[in-house]
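Trainee: All I have is the shape, not the residue letters:
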């Protein structure tokens, strides 16, 4: 932690952006605010440099592409600006033009060229059972490459890793009880293979676009953000949902919802996992601030390391 | 580059060349295509599904209601469809009847995501097969000889629309979230209806957004699909495949279960009503235990065998009446046979979907069907908005039955979707999912019949095996 702080301070000097101001812009000051202020001049120049020197390679294992789709929902800056002005996204299976060997050759070429500098974004878990056969990501020189091969290779070469979504961070749904694929999150995978590259977990099922873009921008301009014990940025995952819930007064008054469609009341009796869950959804909300899980139904604790088993059954017995 | 023509590489006549594309990108999931090219056309094809997670195994033993959350994580592009299929299976098992407002709220949630998914598919997944993106990553590198045939003007228009479509699909997700909580992965669709009673404000916010999206669909998306039919007219003549269709029907329009897009099967040119008992899943060439082959989903089992000899895919091979069938917008539109949009009628010179004839079963035909379907769903969304009643109940509580089974049949944007649940002692004893891409991207079955996507690849032109552009075009026309 001490080293990280030093790194932050140093980068702050370079970029001329104070940590406090930066955090304010990244976290937003009110519900629904994205990271529009990333376009202040000092950050723009820091990011322009990052765009040239710090490519992001986004790879997918056992996942649903839901975090990629969620990223597309970024409000401010609009995703087109994120792709063209903020992140040099050199590889992304869902959006890139190339396919087949051309795509993989480019992936390895960039990883070699920017060794120790590029960020590896991992979406989906890594199936370690059956020699990695449960997830084949492509073919190079007539050889099948598994997700295990890819993360081992690129993970060691990367300057940092962003484990995006609960699958990549902790194993998530593919690692739930009953699975036999050996689905694993990045940190645990690195432990197994002794890979020392720093990892930032950005969980959520899916992860919120502000969490993804905010963490990437932080990484590009100021280095690794402060992380909690589960490897998550404190700026996004530092607050308890229940303690900050807009329904907390109703909870204190003992007013509990009895069925989903009750517009009022605390959702705990329905199975809400807000008390066990740390994320800023309560103020950030989802999809441009339209709504969030607790106002609609219940929180299912999707950002927590044990998800889904720690939260299942999601609802109280009826 | 714009305007460039495919150049045939010097390949000896009569010689077979193996071409492998892995990964196939701009899809959801992990696919590999392996084709054999002879004299510039595909003569054999294999589609490999490269990922297995084990949802059916994970669901066993859980609270049945958890299935609606867990199965959404199968696909981040169409989670609402899995939420719907799962809820329908549970409605059936719990024996619960929805309120009218509950049915309409579910349609508004699923409908908004149909619009989102079709826009995303055309612009962000498929369009780069026909136009060039900006010359920066991730739009470069691309095939050296990528057969882009549009003028610079049209290319610029398409790139502008690509960016605008990013905004449109985001707005569609806002519509989903207004009633469904958040997106991807909604909280709001549950057994018994939906969790949040729509307020006047929420419906107004939905309607205001919908207006923008619909304008984009009618004025940009549909016209540009027909515009491509000019320079790429030959792609209306290739990639047909079996021309068999399965459609389970979607968007209930009344309590009797009549759906906007009809339920039906077309086999060898003849129409049949759907009998779910005729669905069987084969695994001879799939990485699953041979003892599980040929089973109906109601007795289905999922036992992976990743080292199995001769197997080449983690996708099972579902067959209807033992024959391969295509699923998706084309299958739905063929089964329903609606009138085409004004611009469609004008451009194609025909009135209804089936009047298009064989050209509908083609690489571009699938894009036409998808675009036309988007207009139909948009019209229906307008109707549901007028029918939704603010403040009226959308949810009917029901206890978990001790033992029961349920079947949920609906449609995802990319094709028909089946969920089957068996409940014993109030928990899931068996859960089976047959999803859209399983119908299209499956391998050969026990009888030796190729999967629909494999069959559709046969005969498509690949003049330059170093740049097999049409293989990707064909695969993405199915929206896997």
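Mentor: Perfect, I can see it now. Bear in mind that the values here come from a model prediction, so they are computed numbers and not experimental data. Residues are numbered from 1 along each chain as shown, chains lettered A, B, ... in the order given.
Trainee: Now do residue B:152: how many residues are near it, please.
Mentor: Close neighbours of residue B:152, defined as other CB atoms under 10 Å in any protein chain shown, add up to 11. (Each C-beta comes from the backbone N, C-alpha and C, glycine too.)
Trainee: and residue 54, how many neighbours?
Mentor: Just so you know, I chose chain A. Residue A:54 has 20 nearby residues by other CB under 10 Å.
Trainee: meant chain B, my bad for not saying
Mentor: The number of residues near residue B:54, taken as other CB under 10 Å, comes to 22.
Trainee: Same check on residue A:267?
Mentor: 26.
Trainee: Now it. Nearest residue, chain neighbours left out?
Mentor: Spatially, and ignoring its direct neighbours in sequence, residue A:267 is nearest to residue A:298 (4.8 Å; CB to CB, 6 or more residues apart in numbering or on different chains).
Trainee: Tell me the confidence at the one you found?
Mentor: Looking at residue A:298, its pLDDT reads 98.
Trainee: residues in contact with it?
Mentor: Counting by CB atoms under 8 Å, 6 or more residues apart in numbering or on different chains, residue A:298 touches A:260, A:267, A:270-274, A:314-315, B:187.
Trainee: Test my guess that residue B:54 contacts residue B:304.
Mentor: Yes: the pair formed by residue B:54 and residue B:304 meets the contact definition of CB atoms under 8 Å, at 6.8 Å.
Trainee: low pLDDT regions in the stretch 101-250 of chain A?
Mentor: Counting by pLDDT under 70, the stretch 101-250 of chain A contains no low-confidence range.
Trainee: Nearest spatial neighbour of whichever residue of chain A sits closest to chain B, chain-adjacent residues omitted?
Mentor: Nearest residue of chain A to chain B: residue A:66, at 2.5 Å (CB to the nearest CB). Of all residues not flanking residue A:66 in the chain, residue B:76 sits nearest, at 2.5 Å (CB to CB, 6+ apart).
Trainee: That neighbour reaches residue B:28, doesn't it?
Mentor: Yes: contact criterion CB under 8 Å: residue B:76 and residue B:28 qualify, at 7.0 Å.
Trainee: Find residues that contact each of those two.
Mentor: A:64-65.
Trainee: Can you name the residue of chain B nearest chain A?
Mentor: Residue nearest to chain A within chain B (CB to the nearest CB): residue B:76, separated by 2.5 Å.
Trainee: where does that residue fall, helix, sheet strand or coil?
Mentor: Secondary structure for residue B:76, judged by DSSP: H, G, I helix; E, B strand; the rest coil, is coil.
Trainee: can you tell me which residues contact it?
Mentor: Going by CB under 8 Å, 6+ apart, residue B:76 touches A:63-70, A:206, B:28, B:184-185.
Trainee: Kindly recompute the last result at 7 Å.
Mentor: Taking CB atoms under 7 Å, 6 or more residues apart in numbering or on different chains, we find residue B:76 in contact with A:64-66, A:68-69, A:206, B:28, B:184.
Trainee: Got the phi and psi for it?
Mentor: phi -80, psi -10 (degrees, to the nearest 10).
Trainee: Now do the same contact list for residue 54.
Mentor: Picked chain A for this. Applying CB under 7 Å, 6+ apart, the residues near residue A:54 are A:88, A:117-119, A:220.
Trainee: The intended chain is chain B.
Mentor: A:178-181, B:304.
Trainee: Mind doing that once more with 8 Å?
Mentor: Contact analysis of residue B:54 by CB under 8 Å, 6+ apart lists A:174, A:178-181, B:302, B:304.
Trainee: and what of residue B:137?
Mentor: Shown in contact with residue B:137 (CB under 8 Å, 6+ apart): A:55, A:88-91, A:96.
Trainee: go on, residue A:90?
Mentor: Applying CB under 8 Å, 6+ apart to residue A:90 gives the contacts A:55-57, A:106-107, A:110, A:118, B:137-138.
Trainee: again, only using 7 Å
Mentor: Counting by CB under 7 Å, 6+ apart, residue A:90 touches A:55-57, A:110, B:137-138.
Trainee: and what of residue B:106?
Mentor: B:84, B:189, B:194.
Trainee: Buried residues in the strand or helix carrying it, which are they?
Mentor: Here residue B:106 sits within helix B:100-119, counting by DSSP states H and E. For helix B:100-119, the neighbour count (16 or more other CB atoms under 10 Å in any protein chain shown) marks B:101-119 as buried.
Trainee: Following element in sequence after that helix, please.
Mentor: Assigned by DSSP H and E, the successor of helix B:100-119 is helix B:152-180.
Trainee: circling back: just the buried residues of the contacts of residue B:54.
Mentor: If we count by 16+ other CB under 10 Å, the contacts of residue B:54 have these buried: A:174, A:179-181, B:302, B:304.
Trainee: possible to save these as CSV with distance to residue A:241 and secondary structure?
Mentor: Below are the buried ones among the contacts of residue B:54 laid out as CSV (distance: CB to CB, whole Å; DSSP: H, G, I helix; E, B strand; the rest coil):
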residue, distance to residue A:241, secondary structure
A:174, 24, helix
A:179, 27, coil
A:180, 32, coil
A:181, 30, coil
B:302, 35, coil
B:304, 36, strand
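Trainee: between those residues, which is nearest residue B:335?
Mentor: Residue B:335 has its nearest neighbour among those in residue B:302, at 28.4 Å by CB to CB.
Trainee: what about the closest residue to that closest one other than its chain neighbours, neighbour count?
Mentor: Closest residue in space to residue B:302, ignoring its immediate chain neighbours: residue B:56 at 4.2 Å, by CB to CB, 6+ apart. Residues lying near residue B:56 (other CB under 10 Å) number 19.
Trainee: Wait, a strand at residue B:406?
Mentor: Yes: the assignment for residue B:406 (three-state DSSP) places it in a strand.
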